[in-house]
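>>> The sequence and its predicted three-dimensional model are supplied below.
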Amino acid sequence: MSKFYPDIYTESVKHIDFIGLQRKGIKALLFDIDNTLATYDEPTPNAEIVALMRSLADSGFGLALISNNSKQRVDTFADGLDNSGIHTISKAHKPLKSGFKKAIEYMNLVPSEIAIVGDQILTDILGGNRCGLYTILVSPLAVKENLFFKVKRFIEKIILNRYLKKEHIQ
């Protein structure tokens with residue numbers, strides 16, 4: 001079950017202690033896009049996310065977007081970040097290892113120096129844990145209402161409740 005548990009669970013990317021991550025030896029951050037940095041219907045990042053990414057880059061973090069979405073979606077979002085240095089991985093097939101391995105190779109770091117930030121246990125957290133990354137789960141920005149996501153979120157809620165109980169957070 002521990003492969004499904006994040007290292008950190010927090011409300012949103014705004015609540016992550018990035019300085020604390022640097023103290024832990026984290027040198028690079030991989031971000032999921034949809035429901036982590038933006039809702040599904042936001043093609044580009046808002047000003048707050050642009051400022052956050054700029055601040056993280058200025059603080060020395062390597063940055064990448066890793067998404068199961070299309071190249072067009074990922075590239076359009078990345079273009080809105082005003083940071084040409086951000087690496088993108090589209091069609092990552094999370095939780096499979098291939099997309100994460102591309103990110104690890106690009107960052108030229110060991111997995112324990114990289115954190116993945118995402119809203120889904122069954123893709124972002126499971127995939128990151130399988131590759132030895134530091135995993136950060138955030139609450140989804142919006143709830144997608146199709147049946148597939150309802151089933152996924154139901155399963156994730158069970159896992160999250162077990163995690164919170166284990167961590168004595170409930």
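Cool, got the structure. Residues are numbered from 1 along each chain as shown.
>>> going forward, measure contacts between C-alpha atoms and count neighbours the same way
Will do.
>>> Sort out which residues of the lengthiest helix in the chain are buried, please.
When the chain is parsed with DSSP state H, its longest helix is helix 147-166. By neighbour count on 16 or more other CA atoms under 10 Å, the buried set for helix 147-166 is 153, 156, 159-160, 163.
>>> Switch these over to a markdown table; also include distance to residue 94 and pLDDT.
A markdown table is the format used below for the buried residues of helix 147-166 (distance: CA to CA, whole Å; pLDDT from 0 to 100):
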| residue | distance to residue 94 | pLDDT |
| --- | --- | --- |
| 153 | 16 | 71 |
| 156 | 15 | 79 |
| 159 | 18 | 84 |
| 160 | 19 | 77 |
| 163 | 21 | 79 |
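>>> which regions of the chain lie under the pLDDT threshold?
Under the criterion pLDDT under 70, the flagged ranges of the chain are 1, 83-84, 143-149, 168-170.
>>> Strands along that one, start to end?
Using DSSP state E, the strands of the chain run over 8-10, 28-31, 62-66, 87-89, 114-118, 134-138.
>>> Each with direction, which strands does the third one pair with?
Translated: strand 62-66. strand 28-31 (parallel), strand 87-89 (parallel) (DSSP bridges).
>>> Out of those, indicate the one that is most buried.
Mean neighbour counts were compared across the strands paired with strand 62-66 using mean count of other CA atoms under 10 Å; the top stretch is strand 28-31, at a mean of 26.
>>> residues making contact with that strand?
37, 61-66, 103, 107, 113-118 (CA atoms under 8 Å, 6 or more residues apart in numbering).
>>> tell me which of these is nearest to residue 55?
Residue 55 has its nearest neighbour among the contacts of strand 28-31 in residue 61, at 9.1 Å by CA to CA.
>>> Please work out how many residues are found near that closest one.
19 (other CA atoms under 10 Å).
>>> correct me, but it touches residue 27?
Yes - between residue 61 and residue 27 there is a contact under CA atoms under 8 Å: 5.2 Å.
>>> Mind putting the strands paired with strand 62-66 into a markdown table with distance to residue 140?
Conversion of these to a markdown table gives the following (distance: least, CA to CA, whole Å):
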| stretch | distance to residue 140 |
| --- | --- |
| strand 28-31 | 13 |
| strand 87-89 | 20 |
